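Visitor: Output the structure for:
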Amino acid sequence: MALRILLILSLAGVVGCESMRPASAAPPPRSFDRPEPVSARPIDQAIAEGVEFLKQSQNDDGSWGTGLQTRGTEIYHQVPGSHDAFRVATTALAVKALREAGAAGSDAHVRGVRYLVEHSEARRDTGTLIYNIWAHFYALETLAGEVNDAADPAPVLRRMEWHLDRLRRYESYAGGWNYYDFVAQAQKPSLEATSFGSAAGVAALLAARDAGLQVPQVLIDRAVRRIEECRLPDGAYLYGSDYRWDPTGVHNQVKGSTGRMQACNYALWRAGSKLVGPTESLAGLKTLLDNHEWIEVARKRPYPHEAWYANSGYYYYFGHYYAARVLEQLETPDKSELARRLAGYILPHQEVDGSWWDYAMWDYHKPYGTAYAIMSLLRCRDAMMPR
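Guide: Residues are numbered from 1 along each chain as shown. Reported below is the predicted structural model:
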């Protein structure tokens, strides 16, 4: 048992997959690729340059990301399964961003949809690694937005059903989803659900249901219940259900939760939870904006959770994207000002090649970061328009 515990700690800490090291022990931040951000520009221009980056960085087969570039600091993974999951999830986000930006029907969009329909298989990598759930979340949600416009919706629906079936299979034993299983490595994952991952799953299931797919309500209900259990009285969210034994840990405090709470609030509000509605979602959005320095300091750091309050770089555009989705649903007099503030944390970080990124991860980080940023800015732009 002692050796088993030591192995788990090694995987979680030495490899750096989900370490919660004190900020004081963190190495100084480093930037990769081309760190020079362009100066803030008109929002439409930034979106257009982001779209152009996605078009230029697409692979010949219609996907985004190859996994062939490395810096030696990427997250714990295996090959080939982890890369299949990252590539499919990244491609789904890029396709969704192109559609939302008005590029539906473009060559890049058409080839991306074809890839998702024909080649978006992603499987559990090992007993430990279940990164494929991110592929299922985003492929399902993206295809839900494509099915009604497809010349032949049958293949799209079949692929949606395939991803839905995988979400059933890889649901954690108590409901919701985790992307690791360090304990039993069981067929039904033995770690409890993460709050933010389950929130992305609920958002995908709701989108699929709205598109006409028969989604089991119990699958949604169990995930919603796990997210609700993670919500703390101050509006923060536990990292996951199994962190309830450490509710005051730095990662579970408000300043360590701002990037995750947006997805949780969005999912619970959309699912009709009694715990979260427009009031709580607005408060969560303002919490992100008012405590932004704690997630900002983690952007582009090379190791997970090394920043203050155990923030990770990859919370950045994920958090802003779901914040923008919360903003989209809000009806509040200061909506335009909130949108301006949110966009102000995205626009200045655009790189000279038109991309955005927050955590160096092979060559997936620029496409997924750019997709998140485009979709966030589109919602901010709409919210700033005169009514």
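Visitor: what's the burial count for residue 72?
Guide: 5 (other C-beta atoms under 10 Å). Bear in mind the C-beta positions are built from the backbone N, C-alpha and C, glycine included.
Visitor: backbone phi and psi for it, please?
Guide: phi 90, psi 0 (degrees, to the nearest 10).
Visitor: can you check residue 240 too?
Guide: phi -160, psi 170.
Visitor: List the residues that contact the nearest residue to it once chain neighbours are set aside.
Guide: For residue 240, ignoring the flanking residues on the chain, the nearest one in space by C-beta to C-beta, 6 or more residues apart in numbering is residue 194 at 4.1 Å. If a contact means C-beta atoms under 8 Å, 6 or more residues apart in numbering, then residue 194 has 176-179, 239-240 as its contacts.
Visitor: Name the pair among those residues with the greatest separation in space.
Guide: For the contacts of residue 194, the farthest-apart pair by C-beta to C-beta is 177 and 239; their separation is 13.4 Å.
Visitor: Check which helix or strand the residue most central in space within the chain maps to.
Guide: Residue closest to the mean C-alpha point of the chain, counted by C-alpha atoms, centre = their mean, is residue 318 at 4.4 Å. Counting by DSSP states H and E, the element that carries residue 318 is helix 316-329.
Visitor: buried sites along that helix?
Guide: Neighbour-count burial for helix 316-329 flags 316-328 (criterion: 16 or more other C-beta atoms under 10 Å).
Visitor: circling back to that earlier point, who has more neighbours out of residue 177 and residue 239?
Guide: residue 177 (27 against 22).
Visitor: Go ahead and confirm the more buried one touches residue 193.
Guide: Yes - between residue 177 and residue 193 there is a contact at 5.7 Å, judged by C-beta atoms under 8 Å.
Visitor: and for these two, which residues touch both?
Guide: With C-beta under 8 Å, 6+ apart, residue 177 and residue 193 have common neighbours residue 223.
Visitor: tell me the helices in the chain, going along the chain?
Guide: 2-9, 43-57, 81-100, 107-119, 132-144, 153-169, 195-210, 217-230, 254-271, 278-290, 293-296, 316-329, 335-344, 365-384 (DSSP state H).
Visitor: Can you add distance to residue 72 and give these back as a markdown table?
Guide: Output for those, formatted as a markdown table (distance: least, C-beta to C-beta, whole Å):
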| stretch | distance to residue 72 |
| --- | --- |
| helix 2-9 | 21 |
| helix 43-57 | 22 |
| helix 81-100 | 16 |
| helix 107-119 | 29 |
| helix 132-144 | 22 |
| helix 153-169 | 31 |
| helix 195-210 | 26 |
| helix 217-230 | 33 |
| helix 254-271 | 25 |
| helix 278-290 | 31 |
| helix 293-296 | 25 |
| helix 316-329 | 21 |
| helix 335-344 | 33 |
| helix 365-384 | 15 |
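Visitor: Save those as CSV, and put in mean pLDDT too.
Guide: Output for the helices of the chain, formatted as CSV (pLDDT from 0 to 100):
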stretch, mean pLDDT
helix 2-9, 41
helix 43-57, 97
helix 81-100, 97
helix 107-119, 98
helix 132-144, 98
helix 153-169, 98
helix 195-210, 98
helix 217-230, 98
helix 254-271, 97
helix 278-290, 98
helix 293-296, 96
helix 316-329, 98
helix 335-344, 96
helix 365-384, 97
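Visitor: how about those, which one is nearest residue 71?
Guide: helix 365-384 (10.2 Å).
Visitor: same for that closest one, what does it pack against?
Guide: Helices and strands in packing contact with helix 365-384 are listed as helix 43-57, helix 81-100, helix 316-329, helix 335-344; criterion 3 or more C-beta pairs under 8 Å, 6 or more residues apart in numbering; DSSP states H and E.
Visitor: Dump the ones you listed into CSV; add distance to residue 231 as well.
Guide: Formatted as CSV, those follow (distance: least, C-beta to C-beta, whole Å):
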stretch, distance to residue 231
helix 43-57, 32
helix 81-100, 25
helix 316-329, 15
helix 335-344, 22
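Visitor: Select, out of these, the one closest to residue 211.
Guide: helix 81-100 (13.0 Å).
Visitor: got the angle for the closest one vs helix 365-384?
Guide: Put simply, helix 81-100 runs at 30 degrees to helix 365-384, going by axes from the mean of the first three to the mean of the last three C-alpha atoms, to 10 degrees.
Visitor: what comes up buried for helix 81-100?
Guide: 81-100.
Visitor: for stretch 261-275, same thing?
Guide: 261-271, 273.
Visitor: Return that stretch as PDB; C-alpha atoms alone will do.
Guide: Extracted C-alpha coordinates of stretch 261-275, given in PDB (Å, rounded to 0.1, in the frame of the first residue of the first chain):
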ATOM      1  CA  MET A 261     -16.200  28.500 -11.700                       C
ATOM      2  CA  GLN A 262     -17.400  30.000 -14.900                       C
ATOM      3  CA  ALA A 263     -18.000  26.700 -16.600                       C
ATOM      4  CA  CYS A 264     -19.700  25.300 -13.500                       C
ATOM      5  CA  ASN A 265     -22.000  28.300 -13.200                       C
ATOM      6  CA  TYR A 266     -22.900  28.200 -16.900                       C
ATOM      7  CA  ALA A 267     -23.700  24.500 -16.800                       C
ATOM      8  CA  LEU A 268     -25.800  24.600 -13.600                       C
ATOM      9  CA  TRP A 269     -27.700  27.700 -14.800                       C
ATOM     10  CA  ARG A 270     -28.400  26.100 -18.200                       C
ATOM     11  CA  ALA A 271     -29.400  22.800 -16.500                       C
ATOM     12  CA  GLY A 272     -31.900  24.600 -14.300                       C
ATOM     13  CA  SER A 273     -30.100  24.000 -11.000                       C
ATOM     14  CA  LYS A 274     -31.700  25.600  -7.900                       C
ATOM     15  CA  LEU A 275     -28.300  26.600  -6.700                       C
END
